[in-house]
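Enquirer: quick one: sequence plus predicted model below, questions after.
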Amino acid sequence: MLLKKSKGYKQVISWLKEQRKKPFKFQTDAWQYYAEGYSGLVNAPTGFGKTFSLFLAVVIEELNHRETDKTINSKTISRQKNAGLKLLWITPLRSLAKDLARAMREVCTELELDWHIGVRNGDTPQNEKLKQKKQMPEVLIITPESMHLLLAQKDTSAYFDGLQCIVADEWHELMGSKRGVMAELAISRIRELAVSKHPEKLLRIWGISATIGNLEQALDVLVPYPELLKTIVVADVEKKILIRSILPDHIDMLPWAGHLGHKLAHKLLPIIWKNKTTLIFCNTRGQAELWYQNLLKLDENLAGQLAIHHGSIDYELRNWIEDAIHTGILKAVISTSSLDLGVDFKPVDTVVQIGSPKGVARFLQRAGRSGHSPNEVSKIYFLPTHALELVEAAAIKEAAKTQNIESREPVVMAFDVLIQYMITLATGDGFDDQKLYKEIKSTHAFRELEPAEWAWMMQFITTGGDSLTAYTEFSKVEKENGLWKVKSRQLAMRHRLHIGTIVSDAMLKVKYLTGGYVGMVEESFISKMKPGNSFTLAGRVLEYIMIKEMTILVRKSKLKTAISPSWLGGRLSLTANLGAILRHKYNQALDKTHEDEELDIILPLFERQAKVSHVPKDDEFLIELIKTRDGYHFFAYPFEGRQVHEIMAALIAYRLSKVKPISFSIAMNDYGFELLSEQPIPLDEENCKLLFSPVNLGEDIVASINATEMARRKFRDIACISGLVFQGYPGKYVANRHLQASSTLFFNVFSDYDKHNLLLRQAYDEAFYQQIEEPRLAAALHRIQKSKIIIVRPDSYTPLCFPIKVDSLRENMSTEELGERIARMTAEADGKELKTHRRKKNEH
Amino acid sequence: MNINCRGENLILSEERAIYWATKKMLIISDLHLGKGAHFRKAGIQIPSLVNTADLDRLTNLLRQFEPECLLVTGDMFHHQMNSEVALFSQWRSQYPDLKIILVKGNHDSLLASDYEEMMIEIHAIEFLMKPFRFIHDQPSVTDAYYNITGHIHPGVTIYGKARQQIKLPCFYFGKTCAILPAFSVFTGLSKIKSQQGDQFYAITPERIFLV
């Protein structure tokens, strides 16, 4: 069929013309492929109409379809109305749904298409959901969790009779997480429901993804079905991104270590005032709160025009902020990853990244939040928080230029998600275990699922576990008319409440005495506070009054500043891509073979490093051995990110302790790691390569780290997702205390009494592949073997080792003392220069 | 491990029990019988071996000390009658000469007839035997009696080099009150704030040691 000749295509083109728009080539390509029955993946920069590349494809088909119908039967329009769901649009973020729906509705109105666009997620009111149940809208925008909730209801199969396409938006974001697995499973189910009823119909599956290193694999994960034609549509348009660093006037303005970056805050003010709206990204929520206070202190004119946005701020407040960005009344918004994705904020023309973004993809994603229209330029400023981050700025620029972007590893064999999903189906219409096994095996996440593992899963949800250990009185999923179902209403209700894979700590809602929610903080934070103490949240200073019914009551405090809660959350680790470019940049800095202004600024620091120690080149591996009052320090610099360093440090410590009995304390950052001992470390040029050898790696890892402890930590999420531990929703009280037990307890009980438990195995697997990253560690060791090893013995801390040294202090000390200690240590390192300074004074 | 408490010699067993030799009395707390079955009924998978393991440990203790009386300071049964409680009932019938005394805890909610059937002597609030008061939770007023309680499942954290830490169940002996570890392996631990003069006896599978 020639799409361009079709009525629907012409209609869409002429509508676009009225808007003075012309479709991009990747859009018409996508329309063409869609019309030909392909599934696939669209990859385009933000702001070029990725949504329309697929939404309009479905619309065109509908318009054409009606055209042919009209010629046959003029009454079809009313019949069409009841055809139900045609397009299922999966988004990872709730906040995206509203704006997507708005944009789609506009198109439908303009094209005089009588489609309903529905939204279904945690924020959708109950009456709206009921309405949808009676009459599904033609387009439904939904989150993976809500898809599963839909499947957990009775009589859902009929919803998908007329379904033509499933679109997974921001697929790169979903794929690397367990939510991606949820999406994969739900798609496999819906596909089966649609195909088994109407085998003649074609259900297409499309994804939309930003650029990642493994697009092909991303497509394979989303569309693993061999009978579907599939393709990748890559936009040939290029988004222009302008990356600027906020540079200190002199390198001494920047501390050697730190993570706040307040020293350069004043340089941010002119940027905020010069531009329309600026988004300021921080890496942690605590950091965001501190920056909010700090910017207001620096410039009082910002009051009322500065807002703060992060995941712990109350939903309504966030909504208000998002609306305020749309209307352009805010000059700047400080945010965390909560605004990484999502809605196009038209007034945003500038983005600022504070501190290392740790990865190229994340940085570009954030840059894309500004200058959203096709021909605009995305502008992003990088504000380093300590001196060495200047090199990272240069590295990021290079990576952005060469499009050296990380891959996202899809999650596989997540038994916890599978168990949750099986019970979800049993709560809904029930399932046939033979059929379901085939269905699940067709997904990417579970293509390796063995029959024995499946049998275990079935046993786990029906009889309670391994047949070797009798589980009496267990009844969760039972067989009824050939289908496995959850019969207990109470169990079903509890399960519906906890569908999802995002596990958070016990959070308490924060509310004003006079009414109005502010946000949420962790229970552990508030337990350390006494009534009358103050803390900051959502940029407000609040006085803690009391806890009542799982809600923290507060009033506005008269204080100007107060401590901000530190939300737990994994520290991000430098990606391998960025690490490699970083090593390269170290090369260039001293050689002056570069055009980076950042490297010019940092040159004095590098010269100093070269003087007291050495600046490692690409093909070199630097080790610094320093003796101080604290003991003997061993610093090594693989530049592989904190996570790899943690394991590598433990590995080297273990191997050293085999040489002679010795104990270490370990510290690391993204650049290197430190081993500290009270006795001399038995390392020299001779045994060095042997220590970093990749031989016997697996065994030595197991011997050197506490794998059980790591698995235990991983088990926390697994226990929640698989339904062993019921958390309840944030702020809601868990009613049945008789059923409470911690994930640690489950871990111990299973370890002792149910060794075959697959959830236990999953915990160890996750620890090895996600936490330990064995492949990456092995690659790093191989690289080190090929490098020239340089061991230096400086007299005091060097610019390179200093941030590691400071980081190791951070865990036990409060910020204030840390500041003092840093000052003292800098003074120690500066000692020599201070002495010469003093001598000069005497001469005068 | 032998300790002296208010002039009485008490043996602390690594199986989370106290043996009071002069009275031939074995004292345990927080047995939580039937907890696993209660969880399973609610659709949460707990291996039933947990329950059998608890009972086996109790059997071994009876063999080791040959007590005349078993005293449980509360939370002997987790919730209500179920198959694991029935299993205990069977176990009970093997020891017709053993006297069992239960000071009721917050979890013990079986029917009076159930206790009677299993030949368990019930004390609703406390059980006094000089110089001790056996009671489930620490009373707010103190008197001449030294309180021996359970309820909170005490645990103690031991810190090692290189930020290593390990949490162990423990016996707690304070000024006016001692707290027994929970007997059941299917129980969590809660840390207690220590005051001066408090003693913690941490329990490892092999031995007991003073922290």
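Expert: On my side now, so go ahead. On a predicted model such as this, the values are computed, not experimentally measured, just so you know. Numbers count the residues shown, from 1 in each chain, chains lettered A, B, ... in the order given.
Enquirer: can you tell me the closest non-neighbouring residue to the most centrally placed residue in chain A?
Expert: By CA atoms, centre = their mean, the mean C-alpha position of chain A lies nearest to A:Glu173, the distance being 7.1 Å. Sequence neighbours aside, A:Pro92 is the residue nearest to A:Glu173 in space, at 5.1 Å (criterion: CB to CB, 6 or more residues apart in numbering or on different chains). Any C-beta I mention is one placed from the backbone N, CA and C, and that applies to glycine too.
Enquirer: what does A:Met147 give?
Expert: Closest to A:Met147 by CB to CB, 6+ apart is A:Ala186, at 4.1 Å.
Enquirer: next up, the contacts around the closest residue to B:Gly105 other than its chain neighbours.
Expert: Closest residue in space to B:Gly105, ignoring its immediate chain neighbours: B:Gly74 at 2.6 Å, by CB to CB, 6+ apart. By CB atoms under 8 Å, 6 or more residues apart in numbering or on different chains, the contact set of B:Gly74 is B:29-30, B:102-108, B:135-137, B:149-151.
Enquirer: try it again with 10 Å
Expert: B:29-31, B:102-108, B:123, B:134-137, B:149-151, B:180 (CB atoms under 10 Å, 6 or more residues apart in numbering or on different chains).
Enquirer: and it, which of the three is it?
Expert: coil (DSSP: H, G, I helix; E, B strand; the rest coil).
Enquirer: quick check, pLDDT for the most centrally placed residue in chain B.
Expert: Centroid check for chain B by CA atoms, centre = their mean gives B:Ser29 as the closest residue, at 1.8 Å. Looking at B:Ser29, its pLDDT stands at 94.
Enquirer: that one is in contact with B:Asp75, isn't it?
Expert: Yes. Assessed by CB atoms under 10 Å, B:Ser29 is found in contact with B:Asp75 at 7.0 Å.
Enquirer: what's the overlap in contacts for these two?
Expert: Residues touching both B:Ser29 and B:Asp75 (CB under 10 Å, 6+ apart) are B:Val103, B:Gly105, B:His136, B:Gly150, B:His151, B:His153, B:Ala182, B:Phe183, B:Ser184.
Enquirer: please name the residues that touch the fifth one.
Expert: It stands for B:His151. B:29-30, B:73-75, B:105-107, B:135-138, B:179-180, B:182, B:190.
Enquirer: identify all contacting residues around the helix or strand hosting A:Tyr9.
Expert: Taking DSSP states H and E as the definition, A:Tyr9 sits inside helix A:7-18. With CB under 10 Å, 6+ apart as the contact definition, helix A:7-18 has outside contacts at A:2-4, A:6, A:21-23, A:27-28, A:31-32, A:35, A:49, A:52, A:56-57, A:59-68, A:70, A:107, A:110-113.
Enquirer: got a quick ChimeraX command for the buried subset of those residues?
Expert: Selection of buried members from the contacts of helix A:7-18 for ChimeraX, criterion 16 or more other CB atoms under 10 Å in any protein chain shown:
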select /A:3,6,23,27,28,31,32,35,49,52,56,57,59,60,61,62,63,64,66,107,111,113
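Enquirer: buried residues, the longest helix along chain B. List them.
Expert: If you go by DSSP state H, chain B has its longest helix at helix B:49-65. For helix B:49-65, a neighbour-count test (16+ other CB under 10 Å) marks B:Leu49, B:Val50, B:Asn51, B:Thr52, B:Ala53, B:Asp54, B:Leu55, B:Arg57, B:Leu58, B:Leu61, B:Phe65 as buried.
Enquirer: try stretch A:169-186
Expert: For stretch A:169-186, by 16+ other CB under 10 Å, it's A:169-186.
Enquirer: out of the shared contacts of B:Ser29 and B:Asp75, which sit inside strands?
Expert: B:Val103 (DSSP state E).
Enquirer: among the shared contacts of B:Ser29 and B:Asp75, which one has the most neighbours?
Expert: In terms of neighbours by other CB atoms under 10 Å in any protein chain shown, these top out with B:Gly150 at 29 neighbours.
Enquirer: surely that one touches B:Asp108?
Expert: No. Between B:Gly150 and B:Asp108 there is no contact under CB under 10 Å: 11.5 Å.
Enquirer: so what does the residue of the stretch 651-800 of chain A found nearest chain B look like in phi/psi?
Expert: Nearest residue of the stretch 651-800 of chain A to chain B, counting by CB to the nearest CB: A:Tyr753, 4.1 Å away. Torsion angles at A:Tyr753 (phi, psi; degrees, to the nearest 10) stand at phi -120, psi 0.
Enquirer: what's the neighbour count on it?
Expert: For A:Tyr753, using other CB under 10 Å, the count is 22.
Enquirer: would you confirm that it contacts B:Phe186?
Expert: Yes. Judged on CB under 10 Å, A:Tyr753 makes contact with B:Phe186 at a distance of 9.2 Å.
Enquirer: mind listing the shared neighbours of these two?
Expert: Residues touching both A:Tyr753 and B:Phe186 (CB under 10 Å, 6+ apart) are B:Gly36, B:Ile46, B:Pro47, B:Val50, B:Asn51, B:Ala53.
Enquirer: quick check, the third one in a strand?
Expert: No. B:Pro47 is assigned coil when assessed by three-state DSSP, not a strand.
Enquirer: I'd like the distance between it and chain A.
Expert: Distance, B:Pro47 to chain A, by CB to the nearest CB, to the nearest Å: 4 Å.
Enquirer: so what does that residue look like in phi/psi?
Expert: Phi and psi for B:Pro47, reported as degrees, to the nearest 10, are phi -60, psi 140.
Enquirer: and the pLDDT at it?
Expert: 83.
Enquirer: contacting residues for the closest residue to chain B within the stretch 51-200 of chain A?
Expert: Nearest residue of the stretch 51-200 of chain A to chain B (CB to the nearest CB) works out as A:Ala152 at 14.6 Å. Contacts for A:Ala152 (CB under 10 Å, 6+ apart) come out as A:421, A:423-429, A:486, A:492, A:495-496, A:499.
Enquirer: count the neighbours of A:Lys788 for me.
Expert: Neighbours of A:Lys788 using other CB under 10 Å come to 10.
Enquirer: surely it touches A:Ile623?
Expert: No. Assessed by CB under 10 Å, A:Lys788 is found out of contact with A:Ile623, at 11.5 Å.
Enquirer: okay, and the common contacts of the two?
Expert: Going by CB under 10 Å, 6+ apart, residues that sit against A:Lys788 and also against A:Ile623 are A:Pro616.
Enquirer: OK, contacts around whichever residue of the stretch 351-500 of chain A sits closest to chain B?
Expert: Nearest residue of the stretch 351-500 of chain A to chain B (CB to the nearest CB) works out as A:Lys476 at 3.8 Å. Going by CB under 10 Å, 6+ apart, A:Lys476 touches A:423, A:426, A:460-464, A:484, A:486-488, A:491, A:495, A:723, B:40-45.
Enquirer: report the separation between the residue lying closest to B:Phe186 once chain neighbours are set aside and B:Met76.
Expert: Once flanking residues are discounted, B:Phe186 sits nearest to B:Val50: 4.7 Å by CB to CB, 6+ apart. Applying CB to CB, to the nearest Å, the value for B:Val50 to B:Met76 is 16 Å.
Enquirer: nearest spatial neighbour of A:Thr744, skipping sequence neighbours?
Expert: A:Arg712 (6.2 Å).
Enquirer: repeat that for A:Leu242.
Expert: Spatially, and ignoring its direct neighbours in sequence, A:Leu242 is nearest to A:Lys379 (4.8 Å; CB to CB, 6+ apart).
Enquirer: how is the one you found assigned, secondary-structure-wise?
Expert: strand.
Enquirer: check which helices and strands the top strand by length along chain B sits against.
Expert: The longest strand of chain B (DSSP E) is strand B:165-173. Counting contacts by 3 or more CB pairs under 10 Å, 6 or more residues apart in numbering or on different chains; DSSP states H and E, strand B:165-173 packs against strand B:2-5, strand B:8-13, strand B:146-149, strand B:154-159, strand B:177-179, strand B:190-191, strand B:199-203, strand B:208-210.
Enquirer: ok, the closest residue to A:Glu138 other than its chain neighbours - contacts?
Expert: Once flanking residues are discounted, A:Glu138 sits nearest to A:Trp115: 4.1 Å by CB to CB, 6+ apart. By CB under 10 Å, 6+ apart, the contact set of A:Trp115 is A:58-59, A:62, A:80-81, A:86-87, A:104-105, A:107-109, A:137-139.
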